[in-house]
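# coords below, sequence missing:
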């Protein structure tokens, strides 16, 4: 079974590949496919924007709420060495990132979809997984840059970490994957 956003009807299409799947999905979606909360970690990249588009399509289909999460990894050691107030710096960063999140989703049709924004500071992977435990999403949709080799080994992959350690299903989305969304 493949899941794809359907731009014509502005919802999610399930592509059936076998008779067993047809029997499984006859009528209403099965009770175990209840998506009410979707968490979308956002890093402002193209693949992250694509993940938001998928989340909006899923949210419309399942009448789900969407939480856009951006984590700012601050260098607290550098801030502590400066004369700046850490709390004031965090507050300023939070406001700046919230504005950037609002701008990031401009142009997307989010009508009839509840979209919340949250900004956290700390280790990106840990904060996403902590928020997943607290928010209790039914689905996490995360963009992936598709890095491999040395670059992946050095930088690690937030998407991979989320998929491996999340306590719910996670969908990874690449920027150029399934060019069928027109939201």
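All right, it came through fine. Fair warning: this is a prediction, and the values are worked out from it, not measured in the lab. Numbers count the residues shown, from 1 in each chain.

# Mind telling me what element the residue nearest to residue 138 when sequence neighbours are not counted is part of?
The shortest distance from residue 138 to any residue other than its chain neighbours is 4.5 Å, reached at residue 35 (CB to CB, 6 or more residues apart in numbering). (Each C-beta comes from the backbone N, C-alpha and C, glycine too.) Take DSSP states H and E as the rule and residue 35 turns out to sit in neither a helix nor a strand.

# pretty sure residue 35 contacts residue 57?
No: counting by CB atoms under 8 Å, residue 35 does not reach residue 57; the two are 11.2 Å apart.

# more crowded one of the two?
The neighbour comparison of residue 35 against residue 57 (other CB atoms under 10 Å) goes to residue 57, with 24 against 20.

# hmm, back to that, for the residue nearest to residue 138, give me its contacts.
Neighbouring residues of residue 35 by CB atoms under 8 Å, 6 or more residues apart in numbering: 58, 61-62, 64, 138-139.

# Can you redo those residues as TSV, where the extra columns are neighbour count, pLDDT and secondary structure?
As requested, these are exported to TSV (neighbours: other CB atoms under 10 Å; pLDDT from 0 to 100; DSSP: H, G, I helix; E, B strand; the rest coil):
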residue	neighbour count	pLDDT	secondary structure
58	23	93	helix
61	19	90	helix
62	19	93	helix
64	20	96	coil
138	17	95	coil
139	23	96	strand
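
# and which of those residues is nearest to residue 167?
For the contacts of residue 35, the minimum distance to residue 167 (CB to CB) is 10.7 Å, reached by residue 138.

# Could you point out the helix or strand that follows the lowest-mean-pLDDT helix or strand in the chain?
Each helix and strand of the chain was given a mean pLDDT (mean pLDDT, DSSP states H and E); the minimum falls on helix 149-155 at a mean of 49. Once helix 149-155 ends, the next helix or strand along the chain (criterion: DSSP H and E) is helix 158-165.
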